[in-house]
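Peer 1: Need the 3D shape of this:
(one chain, ligands or ions: 1)
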Amino acid sequence: MLERSSSLSLQVLRPKPPVKWAGGKTQLIPQLEPLFPKKEYNLYIEPFVGGGAVFFHLLPHQAVLIDSNEELINFYLVVRDSLEELLRALRKHKNTREYYYSIRALDPQELSPVERASRFLYLNKTAYNGLWRVNSRGQHNVPFGRYKNPKIVDEPNLRLVAKVLRNARIICDDFSRVLEFARPGTFVYLDPPYYPLSDTANFTGYTPDAFGPKDQKRLAAVFRELDRSGCLVMLSNSDTPFIRELYSGYDIQVVYARRVINCRPDRRGPVTELVIRNYR
Ligand SMILES: C[S@@+](CC[C@H](N)C(=O)[O-])C[C@H]1O[C@@H](n2cnc3c(N)ncnc32)[C@H](O)[C@@H]1O
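Peer 2: As a prediction, this is how the structure comes out:
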């Protein structure tokens, strides 16, 4: 398993997740920590890696990171494989409204992987609320954030990120690819787009395709398959009867999250979330 304490330099200089990501788990880490496996594991797989808060916390020796968001995966690949070029591209950015909209208007498909990763990080650091949101045609549509001094180039952190990504296989695909890599003794952490608490709270807009009840059922089937294959499996999701029912029979723990995406002040308090595991 990742020797969480074997690499002293990484322990002391633990990288921060390099992007701000909706549903990011950074604030939940203290509550998740006691729920991670105590047993050793030989491989870590995170099929909805997003901003990677759990991966960057655990620092596994060997990992497979999967996400269906092409921009995000391209970014991780470029940080790992072409960091110097990326740093040069990032240093050229400017924090003005006109420049922001000119970069936002670029079609990422027409850019080189480095330019694409540079645009992705720039928009992530300067867009309103750091959100990455796309419309039905897959175009980024978040307004300029007007931050005074956004940290677009955090070179020391990007260097640490590149270093830990060297131990990772990074894949843009559907979460079900996890089945190809999982073997007995693998630890899999699943953090999908959450099942909505109510019909109006359906923020699943990470990619043009929403993550509906059918996907949640497909995911529960993958969870059971991983369980049967001898993996240690942990999953986060919303505290709803639908999710409790899908995973009945497994260990279900409750954690408390601070919610920010709610316009109704009476619903802004802590919200319970579920952590489901096939081990104790
Ligand atoms: C809740 S976020 C994960 C947040 C992450 N744990 C973090 O700390 O930042 C869910 C992620 O699932 C990805 N996703 C959505 N549908 C997917 C699918 N079918 N297969 C793989 N990833 C998917 C989204 O792009 C998003 O990054």
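
Peer 1: For V188, which residues are in contact?
Peer 2: Y44, I45, E46, P47, V178, A182, L226, C231, L232, V233, M234 (CB atoms under 8 Å, 6 or more residues apart in numbering). (Glycine included, C-beta is placed from N, CA and C.)

Peer 1: and which of these is nearest the ligand?
Peer 2: Relative to the ligand, the closest of these is P47; by CB to the nearest ligand atom it sits at 5.8 Å.

Peer 1: That closest one contacts F181, correct?
Peer 2: No - using CB atoms under 8 Å, P47 is not in contact with F181; the gap is 9.4 Å.

Peer 1: Sort out which of the contacts of V188 are in strands and list them.
Peer 2: Y44, I45, E46, L232, V233, M234 (DSSP state E).

Peer 1: For those residues, which single residue is the most surrounded?
Peer 2: Most neighbours among these, by other CB atoms under 10 Å: I45, with 31 neighbours.

Peer 1: Backbone dihedrals for the nearest residue to R280 once chain neighbours are set aside, please?
Peer 2: Nearest residue to R280, sequence neighbours excluded (CB to CB, 6 or more residues apart in numbering): D251, at 5.6 Å. Backbone torsions for D251, taken as degrees, to the nearest 10, come to phi -70, psi 120.

Peer 1: how about the helices of the stretch 101-250 of the chain, start to end?
Peer 2: Ranges of helices in the stretch 101-250 of the chain, per DSSP state H, counting those that start in this stretch, are 113-126, 155-165, 178-181, 213-228, 241-246.

Peer 1: so which of these gets nearest the ligand?
Peer 2: Among the helices of the stretch 101-250 of the chain, helix 213-228 sits nearest to the ligand (CB to the nearest ligand atom), with 6.2 Å.

Peer 1: for that closest one, packing partners?
Peer 2: The contact analysis (3 or more CB pairs under 8 Å, 6 or more residues apart in numbering; DSSP states H and E) places helix 213-228 against helix 178-181, strand 186-190, strand 232-238, helix 241-246.

Peer 1: Just list the residues touching the residue nearest to R280, thanks.
Peer 2: I276, R277, N278, Y279, R280.

Peer 1: and what of L246?
Peer 2: L246 makes contact with Q216, K217, A220, according to CB under 8 Å, 6+ apart.

Peer 1: do L43 as well
Peer 2: Contacts for L43 were tallied using CB under 8 Å, 6+ apart; they are P60, Q62, A63, V64, F181, A182, R183, G185, T186, F187.

Peer 1: what's the closest of those residues to the ligand?
Peer 2: For the contacts of L43, the nearest to the ligand is V64 (12.2 Å; CB to the nearest ligand atom).

Peer 1: In three-state terms, label the closest one for me.
Peer 2: At V64 the chain is in strand, as set by DSSP: H, G, I helix; E, B strand; the rest coil.

Peer 1: returning to that earlier point: quick one, which of the contacts of D251 has the minimum pLDDT?
Peer 2: Minimum pLDDT across the contacts of D251 is recorded for R280, with 93.

Peer 1: Roughly how far does that one sit from the ligand?
Peer 2: Going from R280 to the ligand by CB to the nearest ligand atom, to the nearest Å gives 22 Å.

Peer 1: where does the stretch 1-150 of the chain come near the ligand, residue by residue?
Peer 2: Counting by CB under 6 Å from any ligand atom, the positions of the stretch 1-150 of the chain adjacent to the ligand are 21, 23-25, 47-48, 50-51, 53-54, 66-69.
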